[in-house]
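Give me a 3D structure for the following:
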Amino acid sequence: MKLYSTATNPAPAGATVLAITTRDHVNLRLAAWRSAEATRGTLLLAQGRGEFIEKYHETIGDMLARGLNVVTFDWRGQGLSDRALRDRRKGHVDAMEDYIEDLAAVEAWMIAQNCPQPWFALGHSMGGALLALRLHAAPSNYSRAVLSAPMIDLAGLSWPRGARYLARTLDWLGLGRNYVPGGNGSAYFLQPFNKNVLTSDPARYAKFTEMARDCPEVWTGAPTVHWLDEAFRLMAAFKDIAFPMSISVPCLTIAAGLDQVVDTEAATRFVGFMNGRNMVVIPGAQHELLIERDELREQFLAAFDAFIPGSVSG
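Residues are numbered from 1 along each chain as shown. Predicted coordinates for the structure are as follows:
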């Protein structure tokens with residue numbers, strides 16, 4: 001296992017990179033760093049759909065500078081972890097709960113390695129939704145969690161029920177392993193900057209355009225119909241107010257004011273039923289809060305620092 005670096009997106013020094021195996025025999029790529037600062041705990045970083053460890057090099061560096069050890073990994077079906085289908089570009093999973101097996105394997109590794117307590121978690125988009133599922137399903141070792149633009153519901157669906165019905169019908173018809181309608185295997189960051197809905201920062205966008213060209217092995221294209229059907233099933237579960245009410249670990253949700261990928265209003269409603277109603281909405285920010293312009297990204301980090309005990313302003 002390895003980490004890729006480019007001139008504009010170098011890997012933080014000192015990484016331990018290895019493969020771990022889940023209980024259902026899926027190989028995952030895991031990377032871990034020890035902070036050179038006084039250790040304040042360990043941060044698990046859970047990526048969004050289609051992402052990979054290299055996308056978070058800058059953020060990992062930020063967390064190491066805060067005295068946090070960092071553990072991150074590629075979910076099954078993306079990055080350099082095992083892919084479910086022969087076409088590696090298809091973002092596919094059999095069931096959303098399978099991702100919890102990935103988390104369980106990573107947490108078991110963290111326990112075996114005596115990763116310093118307290119443990120914190122940071123999950124972006126799909127990663128935020130899966131952290132919510134993890135914290136809802138069973139007791140955890142996490143002291144606090146930060147959900148970045150969590151996938152509580154999707155944005156921009158003109159006919160949400162119709163979209164859900166279409167995904168379910170296509171899946172039932174045996175088309176679950178096809179790309180979603182209109183989707184393909186192309187890396188998102190290869191499209192022109194002015195057509196993207198993820199970030200307003202052209203320099204950070206260009207970093208990942210370079211990676212899409214130079215490191216094609218880590219990329220995932222559009223999701224499959226079955227992945228979307230499974231995502232709709234999970235997001236439907238979030239609508240039950242008992243779900244957020246069951247989460248006892250203190251959570252901070254940071255949302256993007258101009259998000260066109262996930263629904264910020266749905267996240268706001270979800271947080272409203274949590275025991276700890278901690279939420280920050282960053283005006284002017286798009287979905288990828290951690291690759292946004294400096295002035296927006298710094299607001300994210302300031303909220304993180306205020307919430308995580310022992311961080312730079314804690």
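
where do the helices sit along the stretch 151-300 of the chain?
Assigned by DSSP state H, counting those that start in this stretch, the stretch 151-300 of the chain shows helices spanning 160-170, 202-214, 225-238, 242-245, 264-272, 294-307.

quick one: furthest residue from the center of this structure?
For the chain, the largest distance from the centre (C-alpha atoms, centre = their mean) belongs to Leu173, which lies 29.9 Å off.

tell me the contacts of that residue?
Contact partners of Leu173, counting by C-beta atoms under 8 Å, 6 or more residues apart in numbering, are absent. (Glycine included, C-beta is placed from N, CA and C.)

do Ala203 as well
Applying C-beta under 8 Å, 6+ apart, no residues qualify as near Ala203.

ditto for Leu130
Ala46, Met96, Tyr99, Ile100, Leu103, Gly123.

Let me know the closest of the residues you listed to Glu230.
Met96 (4.9 Å; C-beta to C-beta).

How about the contacts made by that closest one?
By C-beta under 8 Å, 6+ apart, the contact set of Met96 is Leu130, Leu133, Glu230, Ala231, Arg233, Leu234.

Try it again at 10 Å.
By C-beta atoms under 10 Å, 6 or more residues apart in numbering, Met96 lies in contact with Met126, Ala129, Leu130, Leu133, Trp227, Glu230, Ala231, Phe232, Arg233, Leu234, Met235, Ala237.

Whichever of these end up buried, select them in PyMOL.
Buried residues within the contacts of Met96, by 16 or more other C-beta atoms under 10 Å, are selected in PyMOL with:
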select buried, resi 126+129+130+133+227+230+231+232+234+235
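
In the contacts of Met96, find the pair that's most separated.
Trp227 and Ala237 (16.0 Å).

Of all the helices of the stretch 151-300 of the chain, which one is nearest Arg86?
helix 225-238 (14.9 Å).

I'd like the mean pLDDT over that closest one, please.
Helix 225-238 shows a mean pLDDT of 97.

and what of stretch 277-284?
Confidence for stretch 277-284, expressed as mean pLDDT, is 94.

Show me which positions of that stretch end up buried.
Going by neighbour count (16+ other C-beta under 10 Å), the buried part of stretch 277-284 is Asn278, Met279, Val280, Ile282.

Report the distance from it to the chain centre.
When C-alpha coordinates are averaged (C-alpha atoms, centre = their mean, to the nearest Å), stretch 277-284 and its chain have centres 18 Å apart.

And for stretch 197-211?
A distance of 17 Å separates the centroid of the chain from that of stretch 197-211, by C-alpha atoms, centre = their mean.

Let me know the average pLDDT across it.
Per-region confidence: stretch 197-211 scores 94 on mean pLDDT.

Check this protein for its longest helix and report it.
helix 96-112 (DSSP state H).

Report the backbone C-alpha coordinates of that helix in PDB.
C-alpha atoms of helix 96-112 as PDB (Å, rounded to 0.1, in the frame of the first residue of the first chain):
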ATOM      1  CA  MET A  96     -25.000   0.900   3.600                       C
ATOM      2  CA  GLU A  97     -24.500  -1.200   6.700                       C
ATOM      3  CA  ASP A  98     -21.400  -2.800   5.000                       C
ATOM      4  CA  TYR A  99     -19.600   0.500   5.600                       C
ATOM      5  CA  ILE A 100     -20.100   0.000   9.300                       C
ATOM      6  CA  GLU A 101     -18.000  -3.100   8.900                       C
ATOM      7  CA  ASP A 102     -15.200  -0.900   7.600                       C
ATOM      8  CA  LEU A 103     -15.500   1.400  10.600                       C
ATOM      9  CA  ALA A 104     -15.400  -1.600  12.900                       C
ATOM     10  CA  ALA A 105     -12.200  -2.900  11.300                       C
ATOM     11  CA  VAL A 106     -10.500   0.500  11.600                       C
ATOM     12  CA  GLU A 107     -11.600   0.900  15.200                       C
ATOM     13  CA  ALA A 108     -10.300  -2.600  16.000                       C
ATOM     14  CA  TRP A 109      -6.900  -1.600  14.500                       C
ATOM     15  CA  MET A 110      -6.900   1.600  16.600                       C
ATOM     16  CA  ILE A 111      -7.500  -0.400  19.700                       C
ATOM     17  CA  ALA A 112      -4.800  -2.800  18.900                       C
END
